[in-house]
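Undergrad: predicted model and sequence below, questions to follow.
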Amino acid sequence: MAYPAATNYEIAQVCLLAGKIMLENGGETYRVEDTMTHVAEAFGVPNSHSFVTPTGIIFSIDGPEQTTRLIRISARSTDLRKVTVVNAISRRISQGDLSPKEAYRLLEEIDAAQMRYPAWFQILSAAVASGCFLIMFHGEWPDFFPAFIAGGVGLAFLNYFHRLVPIKFFAEFLASLLIGTMAFLFVKMGFGHALDTIIIGSVMPLVPGLLITNAVRDLMAGHFVSGVSKGAEAFLTAFAIGAGIAFVLSFYNGVGI
């Protein structure tokens with residue numbers, strides 16, 4: 001289907017919004033750049049350039065009507081469903097099924113949509129995963145329920161702390177501190193037995209696995225700035241989790257229980 005010719009500004013708008021959605025919801029840097037380039041080529045712009053970091057996107061189109069735009073990425077989370085939907089729209093654009101205006105409208109709907117699973121489902125999933133991780137790490141079945149409770153409550157408070165205190169890594173520290181305290185109390189009351197496996201299973205939903213994976217994949221793709229910065233963020237997140245647990249273990253060993 002033939003569509004009216006679009007301006008470079010409209011094409012840049014579509015590319016930037018697609019890249020923004022992917023980057024904010026867990027997409028790798030090289031995948032974001034690749035998607036933006038393919039979208040621009042599908043709209044008849046072969047000479048486009050993009051530079052993506054975890055905190056911003058610069059997109060430029062060469063030619064008589066040269067267009068260069070920058071967009072700031074201030075918040076990042078994990079919602080791979082949005083990344084998948086943006087990829088589907090990118091494929092439709094490549095097939096000529098969408099005009100720039102139609103594509104931008106669909107991307108705006110995706111950006112505004114609350115497509116993540118509801119909070120109660122995330123908490124329940126984290127609780128079940130915590131119990132399963134405990135068994136996987138050779139824990140005992142009587143400790144399944146303590147890990148179930150600590151893991152679910154830990155993720156619930158992590159989400160709450162993220163909204164309450166907009167300081168990076170502080171929420172992870174507080175959530176892991178709470179998990180360690182709950183595990184300590186469970187063992188002290190006789191409700192749990194092995195403190196170490198309960199803690200390990202409960203903190204697994206907090207571990208920045210996607211950040212670590214994306215950091216490695218970006219480094220392998222040659223995006224060293226993004227790879228190193230994501231790796232540093234993953235390291236600091238893991239350090240915050242470990243610091244909270246270390247505080248509890250120090251107290252646990254200090255009281256000699």
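TA: Yep, it's here.

Undergrad: biggest helix in this protein by residues?
TA: helix 224-255 (DSSP state H).

Undergrad: can you mark which positions in that helix are buried?
TA: 226-227, 229-231, 233-234, 237-238, 240-241, 244-245, 248-249, 252 (16 or more other C-beta atoms under 10 Å). From N, CA and C alone the C-beta is placed, and that goes for glycine too.

Undergrad: which strands and helices sit next to that helix?
TA: strand 48-53, helix 170-188, helix 195-203, helix 209-220 (3 or more C-beta pairs under 8 Å, 6 or more residues apart in numbering; DSSP states H and E).

Undergrad: distance to I149, mean neighbour count and mean pLDDT added to those, as CSV?
TA: Below are these laid out as CSV (distance: least, C-beta to C-beta, whole Å; neighbours: other C-beta atoms under 10 Å; pLDDT from 0 to 100):
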stretch, distance to I149, mean neighbour count, mean pLDDT
strand 48-53, 39, 19, 90
helix 170-188, 7, 22, 92
helix 195-203, 9, 25, 92
helix 209-220, 22, 18, 88
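
Undergrad: which stretch among these comes nearest I135?
TA: Closest of those to I135 is helix 195-203, at 7.9 Å (criterion: C-beta to C-beta).

Undergrad: quick one, that closest one and helix 224-255 angle?
TA: Angle between the axes of helix 195-203 and helix 224-255 is 140 degrees (criterion: axes from the mean of the first three to the mean of the last three C-alpha atoms, to 10 degrees).

Undergrad: next one: the closest residue to A103 other than its chain neighbours, what pLDDT does it get?
TA: Nearest residue to A103, sequence neighbours excluded (C-beta to C-beta, 6 or more residues apart in numbering): V14, at 5.1 Å. Looking at V14, its pLDDT stands at 94.

Undergrad: same check on T78?
TA: Looking at T78, the pLDDT reads 83.

Undergrad: checking it next. Helix, strand or coil?
TA: coil (DSSP: H, G, I helix; E, B strand; the rest coil).

Undergrad: tell me who's in contact with the closest residue to it other than its chain neighbours.
TA: Leaving aside its sequence neighbours, T78 sits nearest to G26 (C-beta to C-beta, 6+ apart; 4.4 Å). By C-beta atoms under 8 Å, 6 or more residues apart in numbering, the contact list for G26 reads 76-80, 83, 210, 214.

Undergrad: helix/strand/coil for G26?
TA: G26 ends up coil, using three-state DSSP.

Undergrad: quick one: pLDDT of it?
TA: G26 is assigned a predicted lDDT (pLDDT) of 88.

Undergrad: tell me the spacing between it and D196.
TA: G26 is 30 Å from D196, where distance means C-beta to C-beta, to the nearest Å.

Undergrad: likewise L174?
TA: L174 is 21 Å from D196, where distance means C-beta to C-beta.

Undergrad: and for V228?
TA: Using C-beta to C-beta, we find V228 at a distance of 32 Å from D196.

Undergrad: quick one: mean pLDDT for stretch 242-256?
TA: The average pLDDT within stretch 242-256 is 81.

Undergrad: cool, and stretch 151-158?
TA: Across stretch 151-158, pLDDT averages out at 93.

Undergrad: CA atoms of stretch 202-210 as PDB?
TA: Extracted in PDB, the C-alpha atoms of stretch 202-210 (Å, rounded to 0.1, in the frame of the first residue of the first chain):
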ATOM      1  CA  SER A 202      14.200 -15.600  48.800                       C
ATOM      2  CA  VAL A 203      16.600 -13.000  47.300                       C
ATOM      3  CA  MET A 204      16.700 -14.700  43.900                       C
ATOM      4  CA  PRO A 205      13.700 -12.700  42.500                       C
ATOM      5  CA  LEU A 206      15.700  -9.500  43.300                       C
ATOM      6  CA  VAL A 207      18.800 -10.500  41.400                       C
ATOM      7  CA  PRO A 208      19.400  -8.400  38.300                       C
ATOM      8  CA  GLY A 209      19.600 -11.300  35.900                       C
ATOM      9  CA  LEU A 210      18.300  -9.300  32.900                       C
END
